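Enquirer: Turn this into a model:
(one chain, ligands or ions: 2)
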Amino acid sequence: MADYSWRLPTIVQELAATVQEPPSRYLLPEQNRPGGLLACVEMPEVIPTIDLRRLSANNDVQEAAKLRMALQSWGFFLITNHGVEASLMDAIISASREFFGQPLEHKQEYSNLIEGKQWQLEGYGNDPVKRKDKVLDWSDRVHLKVEPEDERNIARWPGHPETFRDLLHEYSLSCKKVKDAILRSLAKLLKLDEHSLINQFGDKASTYARFNYYPPCARPDLVLGIRPHCDVGVLTLLLMDKDVGGLQVLRDGTWYSVPPVRDQGLLVNIGASLEIMTNGVFRGPMHRVVTNSEKERISLAMFYAVDPEKDIEPMADLLGENQPARYMKVKGKDFVPGQYEYFSRREGVLDSLKI
Ligand SMILES: O=C(O)CCC(=O)C(=O)O
Ligand SMILES: [Fe+2]
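Expert: Ligands and ions are numbered 1, 2, ... in the order given. Just a heads-up that it's a prediction; the model follows:
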């Protein structure tokens with residue numbers, strides 16, 4: 001019988017503890033290596049930073065102008081004064097560090113493989129390997145549906161540390177307010193009714209939390225923690241490790257390193273769905289994550305996506321005789337991570353990455 005064991009995702013943390021050099025399945029083609037032709041540089045300016053309280057206050061022209069600049073230049077920005085308690089942000093990162101720090105058998109209770117074989121999206125682990133020559137990411141994760149609340153699969157939510165579930169619940173409530181405030185400001189920037197973007201989500205909009213764990217890698221120059229991609233949802237709120245950097249953003253063909261953010265900032269990323277809805281006025285940035293030779297890194301991404309049954313398409317209010325639709329309609333449920341290959345190819349960086 002043919003051996004399909006290569007299809008089963010490996011826990012990279014386990015691998016990192018046993019091998020000196022990353023195995024060949026993790027090695028990128030030369031031109032796509034972080035240390036290769038597409039080497040990265042530090043961001044030439046500080047991350048665009050928006051005070052969300054000021055932005056949300058009526059007609060703060062200065063903050064709105066900063067937001068416009070951030071969207072035109074990088075497609076992402078940092079928010080401060082967002083109302084998510086610093087202690088909650090620290091606690092949820094500590095809880096995830098504690099989760100990933102446990103012995104494998106404890107974490108496997110929340111595995112995304114049913115009986116060790118059948119893959120599902122939610123839980124602890126990695127993506128299934130669809131092709132033998134696919135280059136794998138040097139990271140593990142816990143991926144959980146958080147909203148709609150009645151669709152939570154609590155059995156997949158880590159029960160240890162004991163605080164994990166409550167923290168995630170509380171964190172998601174805080175982040176939801178932040179997401180709505182940002183969407184209102186983005187709508188105003190487009191000169192639309194302030195609820196128009198929120199209304200695009202439909203009744204059963206989904207929120208996913210993704211806890212990323214990047215083990216140290218002896219050869220950060222040869223692998224990536226996460227391959228280049230554009231988030232598929234409408235918006236992503238990213239809580240990054242305070243000490244260890246790794247996120248990089250592509251701009252005009254150059255990869256820029258985003259420095260770790262020390263003071264309670266949340267990074268906001270435009271997703272591909274919003275790019276479609278705004279007919280390309282806002283563009284989702286391509287990003288990737290590099291690894292660190294000595295330190296582990298943790299991040300938590302909250303992805304906000306439309307109701308799976310809803311269509312994602314350029315908003316009628318943004319179209320006109322001179323503004324034809326530049327994107328095709330796609331159903332929410334069909335716009336899954338595999339689809340972001342399209343956006344990746346847009347920049348031409350993935351052609352040889354064998355995804
Ligand atoms: O870890 C990071 O900084 C980014 C993670 C990311 O891009 C993602 O989860 O989609
Ligand atoms: Fe991402």
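Enquirer: Can you check my assumption that Pro220 lies in a strand?
Expert: No: judged by DSSP: H, G, I helix; E, B strand; the rest coil, Pro220 forms no part of a strand; its state is coil.
Enquirer: Who are the contact partners of the closest residue to ligand 1 within the stretch 1-150 of the chain?
Expert: When CB to the nearest ligand atom is the measure, the stretch 1-150 of the chain has its nearest residue to ligand 1 at Arg141, with 7.6 Å between them. (Each C-beta comes from the backbone N, C-alpha and C, glycine too.) When the contact criterion is CB atoms under 8 Å, 6 or more residues apart in numbering, the partners of Arg141 are 124-126, 210-213.
Enquirer: Give the bridge partners for it, please.
Expert: Gly125, Asn212 (DSSP bridges).
Enquirer: same thing with the one 4 residues further on?
Expert: Using DSSP bridges, the beta-bridge partners of Lys145 come out as Tyr208.
Enquirer: So it sits against Arg152, correct?
Expert: Yes: checked against CB atoms under 8 Å, the pair Lys145 and Arg152 is within contact range at 6.2 Å.
Enquirer: Output the lowest mean pLDDT helix or strand found in the protein.
Expert: Among the helices and strands of the chain, helix 340-346 carries the lowest confidence by mean pLDDT, DSSP states H and E, at a mean of 50.
Enquirer: thinking again about what came up before, considering only the contacts of Arg141, which also neighbour ligand 1?
Expert: Within the set of the contacts of Arg141, contact with ligand 1 (CB under 6 Å from any ligand atom) is found for 210, 212.
Enquirer: residues from the chain in reach of ligand 1?
Expert: Proximity of the chain to ligand 1 is assessed by CB under 6 Å from any ligand atom, with 210, 212, 226, 231, 238, 240, 246-247, 287, 289, 299, 301 identified as the residues in range.
Enquirer: If any of the residues you listed are buried, put those into a PyMOL selection.
Expert: To isolate in PyMOL the members of those that are buried, counting by 16 or more other CB atoms under 10 Å, one can use:
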select buried, resi 210+212+226+231+238+240+246+247+287+289+299+301
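Enquirer: Of the residues of the chain next to ligand 1, which pair is most distant in space?
Expert: Asp231 and Gly246 (16.1 Å; CB to CB).
Enquirer: So, low pLDDT: which residues of the stretch 201-350 of the chain?
Expert: Residue ranges of the stretch 201-350 of the chain with pLDDT under 70: 337-350.
Enquirer: mind listing the strands for it?
Expert: 206-214, 226-229, 235-240, 247-251, 254-257, 266-270, 287-289, 297-305, 311-312, 330-331 (DSSP state E, counting those that start in this stretch).
Enquirer: what lines up beside the second one in the sheet?
Expert: Think strand 226-229. Partner strands for strand 226-229, per DSSP bridges, with pairing direction: strand 287-289 (antiparallel).
Enquirer: what does the partner strand contact?
Expert: Residues external to strand 287-289 that are found in contact with it (CB under 8 Å, 6+ apart): 76, 139, 212, 214, 224-230, 246-250, 255, 269, 297, 299.
Enquirer: what's the answer for stretch 243-250, then?
Expert: The contact list for stretch 243-250 (CB under 8 Å, 6+ apart) reads 34, 40, 43, 74-76, 214, 225, 228, 238, 240, 255-260, 267, 285-292, 295-297, 299, 347, 349.
Enquirer: now swap in stretch 255-262 and tell me
Expert: 34, 38-44, 47, 78, 240-245, 247-250, 267, 288, 290.
Enquirer: Now Glu151. Nearest residue, chain neighbours left out?
Expert: Residue nearest to Glu151 in three dimensions, not counting chain neighbours: Lys145, with 5.8 Å by CB to CB, 6 or more residues apart in numbering.
Enquirer: Could you give the number of residues near the one you found?
Expert: Neighbouring residues of Lys145 were enumerated by other CB atoms under 10 Å; the total is 17.
Enquirer: Which residues are in contact with it?
Expert: For Lys145, the contacting residues are 121-122, 151-153, 206-208, taking CB under 8 Å, 6+ apart as the criterion.
Enquirer: didn't Lys329 look like it was pressed against Lys310?
Expert: No: taking contact to mean CB under 8 Å, the distance of 10.5 Å between Lys329 and Lys310 leaves them out of contact.
Enquirer: Give me the more crowded residue out of those two.
Expert: Between Lys329 and Lys310, counted using other CB under 10 Å, Lys310 has the larger neighbour count: 18 against 10.
Enquirer: Hmm, that one is touching Val234, no?
Expert: No: using CB under 8 Å, Lys310 is not in contact with Val234, being 11.1 Å away.
Enquirer: Tell me how many other residues crowd Arg7.
Expert: Applying the criterion other CB under 10 Å, we find 13 residues in the vicinity of Arg7.
Enquirer: Skipping adjacent residues, who's closest to it in space?
Expert: The shortest distance from Arg7 to any residue that is not its chain neighbour, by CB to CB, 6+ apart, is 5.1 Å, and that residue is Val129.
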